[in-house]
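> Any chance you could fold what I've pasted below:
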Amino acid sequence: MYPPCDIDKVRARGETWPVDPEMREAFNRLGTDLRGEIRSSTAETRAYVDDRIRASTAETRAYIDERVETSTVEMRGYMDERFRASTAEMRRYFDVVGESLRGDIRAVAELVALSNEGSKRRDDEQAARTDRLEGRVLRLEVRVTSPKDNRKPRRPRRRR
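Down below sits the predicted model:
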């Protein structure tokens, strides 16, 4: 740095040199001017920073909106594709289930038809048996009633 000079020696002793009034006035004006410039540059700096923040915010919003729109379109396409795929898969699954049910229903219908045929055959056999039994019962009734008509009345029982 600079070598020590007289002013440093005076300061080290705790003394101050008298300042010329014109110099003092010049320093005061310089300080006032510098303060004014600092204040005005502070306002300019604030305005510049605020403008940059607004511009940056607008750019950031535009970028985010663009990314969101792009992501939304991509997501919508992906979801449509997945929906179509799952719809086709579900349709195939239900076609398989429907075919299986058709087979089961056919089997049940055949069993019901066989059961109905067996029931009808048994009913016919039962009706034939019933008809034969009725004929036999009628013949027996005729036999039983005929001897009663020709018989003598029974004697009353004795009492003891």
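> how about the strands in this structure?
Using DSSP state E, no strands are assigned anywhere in the chain.
> Tell me where the model's unsure across it.
1-2, 4-10, 17-19, 144-153, 160 (pLDDT under 70).
> Break down it into its helices, ranges please.
6-12, 21-150 (DSSP state H).
> could I get those as JSON lines with distance to Arg159?
(Glycine included, C-beta is placed from N, CA and C.) Output for the helices of the chain, formatted as JSON lines (distance: least, CB to CB, whole Å):
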{"stretch": "helix 6-12", "distance to Arg159": "170"}
{"stretch": "helix 21-150", "distance to Arg159": "25"}
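> Dump these to JSON lines, plus distance to Arg158 and mean neighbour count.
Shown next, in JSON lines, are the helices of the chain (distance: least, CB to CB, whole Å; neighbours: other CB atoms under 10 Å):
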{"stretch": "helix 6-12", "distance to Arg158": "173", "mean neighbour count": "10"}
{"stretch": "helix 21-150", "distance to Arg158": "23", "mean neighbour count": "10"}
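> Ok, which of these comes nearest Arg157?
Within the helices of the chain, the stretch nearest Arg157 is helix 21-150; the backing value is 18.8 Å (CB to CB).
> Please state the offset of stretch 92-103 from the chain centre?
The chain centroid and the centroid of stretch 92-103 are separated by 27 Å under CA atoms, centre = their mean, to the nearest Å.
> and if you look at stretch 125-140?
72 Å.
> ok, residues contacting it?
Counting by CB atoms under 8 Å, 6 or more residues apart in numbering, stretch 125-140 has no neighbours from elsewhere in the structure.
> In CSV, could you pull the C-alpha coordinates for it?
Taking C-alpha atoms only, stretch 125-140 is exported to CSV below (Å, rounded to 0.1, in the frame of the first residue of the first chain):
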residue,chain,number,x,y,z
GLU,A,125,-95.9,-94.9,-16.0
GLN,A,126,-97.6,-93.7,-12.8
ALA,A,127,-100.8,-92.8,-14.6
ALA,A,128,-100.8,-96.3,-16.3
ARG,A,129,-100.3,-98.0,-12.9
THR,A,130,-103.0,-95.9,-11.3
ASP,A,131,-105.4,-96.8,-14.1
ARG,A,132,-104.6,-100.5,-13.6
LEU,A,133,-105.0,-100.2,-9.8
GLU,A,134,-108.3,-98.4,-10.2
GLY,A,135,-109.5,-101.2,-12.5
ARG,A,136,-108.5,-103.8,-10.0
VAL,A,137,-110.1,-101.9,-7.1
LEU,A,138,-113.4,-101.6,-9.1
ARG,A,139,-113.4,-105.4,-9.7
LEU,A,140,-112.7,-106.1,-6.1
